[in-house]
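Visitor: build me a structure from this.
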Amino acid sequence: MSTILPMRAARVFFDGIFSDPRVAHPEGVAVHVDGSIWCGNELGELLRIAADGSLAAIVGTHFDRRFLFSGGAQPFSAYQVTGLPAGLTVSTSDAGSVGISGTPTQAGSFVLTVSGTDASTGTGPFTRSQAFTLTVAGPTLALAPPSASFAAAYAAPISQQISATGGVGPYSYAVSGNLPAGVAIDPATGVIAGTPTAVGSFAFSVTARDDGATGPGAPFTAQGSYSLTGAAPT
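Guide: Next comes the predicted model:
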């Protein structure tokens, strides 16, 4: 018979097979997959939490991640995840994991505190809390079309759409440069419209801004170069 005395989170390795192994005080005993035996009255120290992938997200892009609990008795419960940026929330949980998901709208670095409680009996249950750093990068906005040359005719109505994607709406639009008299951009929709009352070639740029994002670097912008040629009346 082999007897293991309890101690504070001690790890005992053995090579071979125990014959009739017994523990003097059986509360707080765990056998690891590597063949070692953990014993002690504070097995909460042995609980582990790990993310199932990279903790790097992008503003405006959907993000899913799960935190996996191990080392204790399933099912785990009483999950908590605090410190999440705007747009991310705690999602589904199961016997050994809890998830976060959503579309982050806030850029920056965030310290998340993840915790859960196992189903141990005796001196349990045990709770584990662990900190993780989530980094949310700013988005890369894009304009469609990214550049273009538009044709118009004197005194003939025109309408051209420029749209932003990749950030967090609503978007706002502004023109720098020259548009012909009678033509303007709608700052809320990005539509360039009107009835030109001038002829010639007009060069201008459009800047789109995402007004729904927050955090370092916000609001985020994209810019495109365009021209409009107004033909003389015939």
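
Visitor: can you pull the domain assignment for this protein?
Guide: Per the record, the chain has its domains at 1-41, 44-137, 142-231, by automatic domain parsing.

Visitor: let's have the ones you listed in CSV, adding mean neighbour count and mean pLDDT.
Guide: For the C-beta atoms, the positions are set from N, CA and C on the backbone; glycine is no exception. Formatted as CSV, the domains of the chain follow (neighbours: other CB atoms under 10 Å; pLDDT from 0 to 100):
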stretch, mean neighbour count, mean pLDDT
domain 1-41, 12, 46
domain 44-137, 17, 96
domain 142-231, 17, 97
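
Visitor: for Val183, see how far away the closest residue to Ala232 other than its chain neighbours is.
Guide: Distances taken as CB to CB, 6 or more residues apart in numbering place Val199 nearest to Ala232, at 4.6 Å, with adjacent residues excluded. According to CB to CB, to the nearest Å, Val199 stands 12 Å off from Val183.

Visitor: re earlier: now do the contacts for the residue nearest to Ala232.
Guide: Tyr154, Pro180, Gly230, Ala231, Ala232, Pro233 (CB atoms under 8 Å, 6 or more residues apart in numbering).

Visitor: got it, and Gly212?
Guide: Here Gly212 is in contact with Thr105, Gly167, Val168, Gly169, Pro170 (criterion: CB under 8 Å, 6+ apart).

Visitor: over to Leu88?
Guide: Ala57, Phe63, Ile100, Ser101, Gly102, Thr103, Pro104.

Visitor: check contacts around the residue nearest to the second one when sequence neighbours are not counted.
Guide: So the one you mean is Phe63. Nearest in space to Phe63, with sequence neighbours left out and distances taken as CB to CB, 6+ apart, is Ala57 at 4.2 Å. Neighbouring residues of Ala57 by CB under 8 Å, 6+ apart: Phe63, Leu88, Pro104, Leu134, Thr135, Val136, Ala137.

Visitor: again, but for Thr127
Guide: Contacts of Thr127 by CB under 8 Å, 6+ apart are Gly44, Leu47, Ala78, Ser115, Gly116, Thr117, Asp118.

Visitor: tell me the phi and psi of it?
Guide: phi -120, psi 140 (degrees, to the nearest 10).

Visitor: distance of it from Thr89?
Guide: Counting by CB to CB - Thr127 and Thr89 are separated by 22 Å.

Visitor: ok, back up a step: what is the nearest of the contacts of Leu88 to Ser159?
Guide: Nearest to Ser159 among the contacts of Leu88 is Thr103, at 30.9 Å by CB to CB.

Visitor: circling back: quick one: which of the contacts of Thr127 is nearest Pro219?
Guide: Checking those against Pro219 by CB to CB gives Ser115 as the nearest, at 34.5 Å.

Visitor: so which residue is dead centre in the protein?
Guide: Per CA atoms, centre = their mean, the C-alpha nearest to the average position across the chain is that of Ala57, at 3.7 Å.

Visitor: give me the sheet partners of the helix or strand it falls within and which way each runs.
Guide: Assigned by DSSP states H and E, Ala57 belongs to strand 56-58. Paired strands of strand 56-58, with direction, are strand 127-137 (parallel) (DSSP bridges).

Visitor: now do the next helix or strand after the partner strand: everything it contacts.
Guide: Where DSSP H and E defines the elements, the next helix or strand beyond strand 127-137 is strand 142-144. Residues from elsewhere that reach strand 142-144 (CB under 8 Å, 6+ apart): Ile162, Ser163, Ala164, Thr165, Gly166, Val206, Ala208, Ala222, Gln223, Gly224.
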